[in-house]
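> here is my input; please provide its structure:
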Amino acid sequence: MNAFRVVRLRWALSGVPVMLFLSGCAPAPAPPASDLRGNFKPVVTLNQVMVGVVDHNSHILWNAGGSDAYAPTSDADWHELEHAAITLAAAGNMILIGGSGPDDLAWTQKPDWAKLTQGETDAALALLLAVQHKNRDELFKAGSDLTDKCEACHKEYKPALPPIIATPQEQPEHFYGFKPQKK
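Residues are numbered from 1 along each chain as shown. Predicted structure coming up:
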């Protein structure tokens with residue numbers, strides 16, 4: 001083998017370890033949309049998540065934004081609203097992945113599911129921003145947007161909409177921490 005070929009072969013082979021090293025640094029490919037669950041095992045149904053997490057926290061935010069009687073008046077009130085908005089935003093991922101109900105996995109496989117759940121998440125993030133700015137007008141506006149996002153999803157997946165207006169007597173759990181102001 002002539003010297004030129006040996007040098008060329010050594011040069012080519014010296015790059016192999018570098019290429020192997022760099023290929024190990026590449027991020028793993030994202031799982032396909034049909035495999036979002038991975039090792040995640042849902043333990044509650046989507047309906048339970050919707051009622052226990054989404055509906056509950058939505059009402060707290062809707063009440064604070066839409067009713068002077070439940071308007072936040074202290075930093076502690078705003079903190080409670082921030083907690084509700086963060087919980088609502090995080091719920092978007094729970095909804096995206098689905099639950100343990102009989103139709104839950106099938107729903108998550110539908111093409112519009114990710115878009116609808118992202119709409120809920122985006123509305124919740126707008127609520128969070130309004131809360132962080134302590135801006136009730138923006139809270140009301142973002143709450144209205146959340147209503148639109150919820151109704152769009154319910155139109156497709158649960159046409160019998162739950163009541164949006166709740167009174168303390170009907171659903172006291174949605175009013176925890178917020179007392180009507182004395183006039």
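
> what about stretch 96-109, average pLDDT?
What stretch 96-109 shows for mean pLDDT is 92.

> give me the contacts around that stretch.
34, 36-37, 40, 42-49, 113-114, 117-118, 157 (Cβ atoms under 8 Å, 6 or more residues apart in numbering). C-beta coordinates here come from the backbone N, C-alpha and C atoms, glycine included.

> apply 10 Å and report the result again.
33-34, 36-38, 40-50, 95, 113-114, 116-118, 120-121, 153, 156-158 (Cβ atoms under 10 Å, 6 or more residues apart in numbering).

> take these and keep only those in helices.
46-49, 95, 113-114, 116-118, 120-121, 153, 156-157 (DSSP state H).

> which residues does N135 contact?
By Cβ under 10 Å, 6+ apart, the neighbours of N135 are 65, 129, 141-142.

> quick one: secondary structure of P72?
Under DSSP: H, G, I helix; E, B strand; the rest coil, the three-state class of P72 is coil.

> tell me how far the closest residue to it other than its chain neighbours lies from N135.
Once flanking residues are discounted, P72 sits nearest to W78: 5.0 Å by Cβ to Cβ, 6 or more residues apart in numbering. Separation of W78 from N135 (Cβ to Cβ, to the nearest Å) stands at 10 Å.
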